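**Q** Would you be able to build a 3D model of this:
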Amino acid sequence: MAQAVECAKLQGHEGREMFHAARSGKLWPLCAALGLFLPLTPPVRAAAAPEIHAAPAPHALVKEDLEAFFDGIIPLQLERSDVAGATVLVMRGGETLLQKGYGFSDLKTKQAVDPEATMFRLASISKLFTWTAAMQLVEQGKLDLDADVGRYLDFTIRGAGPITLRNLMTHTTGFEEVVRDIIVTDPEKYLALREFLVQNQPNRLFAPGTIPEYSNYAVGLGSYIVQRVSGERFEDYVAAHVFTPLGMTHTTFFQPPPKALQDLPSQGYPSSTHDPAIGFEIFSPAGAGGISSSALDMGRFGQMLLNGGELDGRRILKQDSLAEMWKAQFRANDQLPPIGLGFYQVWRNELKWIGHEGDLVAFHSLFFIEPQQKLVLFISYNSAGSARKTRPELLDAFSDRYFPSELHQPFVATPASRLKDIEGTYQATRRADSTILKLFALFGQSHAKLDKDGVLHIDKSRDLRGHPFGWKPIGPDLWQQVDDQGKMFAIRASNGRIERLAGSFAAAQLQRVPWYERDKVVFAALGACLVVGVSVLFNLLLRLARRYVLRSSQPIAPPNRVALSALPKAAIIYWLLLLTSLAALFARLGDDSLPPGSSWDKWFLVGNVLFVIAIVLSLFTLVSAVRIWRRPATSRISQIKFTLVALACFYFSCFAVHWHLITPIHRF
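**A** Numbers count the residues shown, from 1 in each chain. Predicted structure coming up:
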């Protein structure tokens, strides 16, 4: 599915290295009471001298070299990933080094991308503007970062425990993922901000402030708080207090844009640009992903940030406010990039990029500043094919070309037997456990395993070539990529067992999966049950073929025996058809599929009815199994057959209930 669903695929949303995914993804940070557990970590041997790989000579960051670099890499990306167009901006110290469009904003009319005027849909980069607006109100004393946000709302948030604005900004609210009506292309289906927030309230997975779980809903609450406290519609407030003072004339939160800008947004394309454009993706809540902007305007926003909150004599934020927003607010370990108030960091070489990435179905974007080098880097692509490789490839290549550094590999020699406790199955903390989205998490689980040389591999954590990263320890529970810079920290519970993994994306983590929910266990059980079902179906078809095709004279079973066996056969075959249909539906969902919306409610209701029928039929299989064992004249093989069918139907029923195939139709 799209953006928010793809969190269940992968990693998915906006994550880097280990958690790239989602970007999902698209993934995931954490809290840090870990020093308490250090005595429980396995002892390590003294480290040998670290491996050091010399840095190549840097290229001069000048216009000529920069344009040659981007002219080499962007057209190649567009062709390789089947992307229609891209817009790029690079600035340093207030000077625009590159501002360029590549490819087309509209393939049908062959309209070229104009970096000054063409507006791209920037998705989660919107969050930076939402939190900028919120900090303006904090400066005015109208908002308190550490007060319960319930005081600013006119409806009650589901769940126990107060949530603060700081929790909203750092994705530590504990909210489950929600995707209902998050992206639509029909303006008639676009819900008002309050209506969306009330209708789509999530349950909570974690206590506030404890475990990160990237949440668009949390940012939606932040945008509604801005609206309530300021007395202005959120879209109007940001336009008046951020866009207009900065001279961002080609930027808006209105979806679709107002009449003066309605012809400027780029079209967005699915994974094959031969297919028609997707249409204007309307994101809810707007403050979490609804902005449209041009490269020129994003440069002005970046310069304001690097200038300490001011541009052209117009102050947007105080310097102290920006410092607070960029300060590390939450992370698992000081060797990992933190998340600030809305802004998160990406580290490469000696650079500490600060900003955000963004993903819709078609648009995939990146906006970072680097305060030490006074850099602004912005890029946006307009096709679904750019979801995976393009941004990490570009950010790494840019950093390595112009700011290379030595690669330190300070691995410590540790016996593999002492590292075994990191092995296991993990799932994203960005997920839902109380709706049908739980099923997507099942298909997105990751598996950590050590090879014979003691190198850790996580199957969903792959490089740009699709090869799993190798990880080796550099300290207690701290790991680093082999031949690269990414780091990962293993977080232990109070009993000393590793329960979560934190990577380079500080807004979500991976959490160990209970044994009974591990995909290999679940799929093995489902496979065994499907074998039973297929065997029953094959046997039934064989009997029918013998009687009606081959005209066999085999005697007909007594009516009471036929009645006793008919329902179990009907139940298991019904399950077979139902689950096969569900699998076929899942197979059709791709990266360019829109997330489910309210129009799906009726189909979820139909699904609920079908699965309830299946469970009722399964009850009869249990009754039949009990009765068959009480019939003294029944052969043991028949008794075993009835029992296997009953057990298969029972497991299918448990699967449907546990994984929420019977789901709340208005909550997903």
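
**Q** Y344: neighbour count?
**A** 28 (other Cβ atoms under 10 Å). Quick note: C-beta positions are derived from backbone N, CA and C, even for glycine.

**Q** cool, and M325?
**A** Using other Cβ under 10 Å: M325 sits among 23 other residues.

**Q** With E95 instead?
**A** 9.

**Q** so it bridges to which residues?
**A** R92 (DSSP bridges).

**Q** Helices along the stretch 101-250 of the chain, start to end?
**A** With DSSP state H, counting those that start in this stretch as the criterion, the stretch 101-250 of the chain has helices at 126-139, 165-170, 193-199, 216-230, 234-238, 244-246.

**Q** Quick check: closest non-adjacent residue to R315.
**A** G309 (5.9 Å; Cβ to Cβ, 6 or more residues apart in numbering).

**Q** Just list the residues touching that neighbour, thanks.
**A** Counting by Cβ atoms under 8 Å, 6 or more residues apart in numbering, G309 touches 315-319, 321-322.

**Q** let's see it at 10 Å
**A** Counting by Cβ atoms under 10 Å, 6 or more residues apart in numbering, G309 touches 132, 135-136, 139, 315-323, 325.

**Q** now the residues you listed: which count as buried?
**A** Those of the contacts of G309 that meet the buried threshold are 132, 135-136, 316-318, 321-322, 325, by 16 or more other Cβ atoms under 10 Å.

**Q** can I get those in a markdown table with pLDDT and distance to L351?
**A** Putting the buried ones among the contacts of G309 into a markdown table (pLDDT from 0 to 100; distance: Cβ to Cβ, whole Å) gives the following:
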| residue | pLDDT | distance to L351 |
| --- | --- | --- |
| T132 | 98 | 23 |
| M135 | 98 | 24 |
| Q136 | 98 | 28 |
| I316 | 98 | 24 |
| L317 | 98 | 23 |
| K318 | 97 | 26 |
| S321 | 97 | 23 |
| L322 | 97 | 18 |
| M325 | 98 | 19 |
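
**Q** Tabulate those in TSV, adding columns for distance to H666.
**A** What follows is the buried ones among the contacts of G309, written out as TSV (distance: Cβ to Cβ, whole Å):
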residue	distance to H666
T132	33
M135	34
Q136	35
I316	39
L317	39
K318	42
S321	39
L322	40
M325	35
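
**Q** excluding its backbone neighbours, what's nearest A54?
**A** Per Cβ to Cβ, 6+ apart, closest to A54 is E406, 6.1 Å.

**Q** cool, G94 as well?
**A** Using Cβ to Cβ, 6+ apart, the closest residue to G94 is Q303 (6.1 Å).

**Q** Make sure that neighbour is indeed in a helix.
**A** Yes: counting by DSSP: H, G, I helix; E, B strand; the rest coil, Q303 is found in a helix.

**Q** I figured it was touching D312, is that so?
**A** Yes: between Q303 and D312 there is a contact at 9.0 Å, judged by Cβ atoms under 10 Å.

**Q** ok so, going back, out of the helices of the stretch 101-250 of the chain, which comes closest to L544?
**A** For the helices of the stretch 101-250 of the chain, the distance to L544 is smallest for helix 193-199, at 49.2 Å, taking Cβ to Cβ.

**Q** what comes up buried for that closest one?
**A** Those would be 193-194, 196-197, for helix 193-199 by 16+ other Cβ under 10 Å.

**Q** What's the local residue count around G454?
**A** So G454, with other Cβ under 10 Å, has 17 neighbours.

**Q** ok, the residue nearest to it when sequence neighbours are not counted to E423 distance?
**A** Distances taken as Cβ to Cβ, 6+ apart place A416 nearest to G454, at 4.0 Å, with adjacent residues excluded. Computed as Cβ to Cβ, to the nearest Å, the A416 to E423 distance reads 10 Å.

**Q** now I379
**A** 37 Å.

**Q** For the two, indicate the residue with more neighbours.
**A** I379 (28 against 13).

**Q** I'd assumed G85 was in contact with that one.
**A** No: using Cβ under 10 Å, I379 is not in contact with G85, being 11.3 Å away.

**Q** Now do the shared contacts for the two.
**A** 74, 102, 120, 386.

**Q** Which members of these are the farthest-apart pair?
**A** For the shared contacts of I379 and G85, the farthest-apart pair by Cβ to Cβ is I74 and F120; their separation is 14.0 Å.

**Q** who's more crowded, those two?
**A** F120 (34 against 23).

**Q** So the more buried one sits against A86, correct?
**A** Yes: with contact defined as Cβ under 10 Å, F120 reaches A86; the gap is 8.6 Å.

**Q** Give the intersection of the neighbour lists for these two.
**A** 101, 105, 113, 266, 295, 364-365, 379-382.

**Q** I'd like to know which of the residues you listed is nearest to V626.
**A** Taking Cβ to Cβ as the measure, V626 lies nearest H364 of the shared contacts of F120 and A86, at 56.3 Å.

**Q** OK, contacts around the closest one?
**A** Contacts of H364 by Cβ under 10 Å, 6+ apart are 3, 14, 23, 26, 81, 83, 86, 120-123, 268, 357-358, 379-388, 390-391.

**Q** hey, what's it bridged with?
**A** Applying DSSP bridges, one finds that H364 bridges with D359, Y381.

**Q** and it, how far is that from G268?
**A** Taking Cβ to Cβ, one finds H364 at 10 Å from G268.

**Q** So for these two, which residues contact both of them?
**A** By Cβ under 10 Å, 6+ apart, the residues touching both H364 and G268 are 120-121, 381-384.

**Q** rewinding a little: give the residues shared as contacts by Q303 and D312.
**A** Common neighbours of Q303 and D312 (Cβ under 10 Å, 6+ apart) are L246.

**Q** out of these two, which sits in the busier spot?
**A** Between Q303 and D312, counting by other Cβ under 10 Å, Q303 is the more crowded of the two (20 against 11).

**Q** so what's the residue nearest to F330 when sequence neighbours are not counted up against?
**A** If the residues on either side of it in the chain are set aside, F330 comes closest to T170, at 4.5 Å by Cβ to Cβ, 6+ apart. By Cβ under 10 Å, 6+ apart, the contact set of T170 is 29, 31, 164, 209, 212, 218, 329-331, 338-342, 344, 506-507.

**Q** pLDDT weak spots in the chain?
**A** Within the chain, the segments meeting pLDDT under 70 span 1-50, 550-564, 591.

**Q** if you set the cut-off to 80 instead, what comes out?
**A** Scanning the chain for pLDDT under 80 picks out 1-51, 53, 416-417, 543-544, 546-565, 589-593, 631-634.

**Q** ok so, going back, where do the contact lists of A416 and E423 overlap?
**A** With Cβ under 10 Å, 6+ apart as the test, A416 and E423 both reach 450, 456.

**Q** Can you tell me the element P58 falls in?
**A** Using DSSP states H and E, P58 maps to neither a helix nor a strand.

**Q** ok, it - contacts?
**A** P58 sits next to 349, 400-405 when contact means Cβ under 10 Å, 6+ apart.

**Q** Let's see if you can find the most crowded of those residues.
**A** Busiest of the contacts of P58 [other Cβ under 10 Å] is Y402, holding 21 neighbours.

**Q** isn't that residue right up against N349?
**A** Yes: using Cβ under 10 Å, Y402 makes contact with N349 at a distance of 9.3 Å.

**Q** one step back: of the contacts of T170, which belong to helices?
**A** Of the contacts of T170, the ones assigned to helices by DSSP state H are A218.

**Q** contacting residues for P257?
**A** Contacts of P257 by Cβ under 10 Å, 6+ apart are 119, 250-251, 263-265, 280, 292.

**Q** on that earlier part again, CSV for the contacts of G309, including secondary structure?
**A** What follows is the contacts of G309, written out as CSV (three-state DSSP):
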residue, secondary structure
T132, helix
M135, helix
Q136, helix
E139, helix
R315, strand
I316, coil
L317, coil
K318, coil
Q319, helix
D320, helix
S321, helix
L322, helix
A323, helix
M325, helix
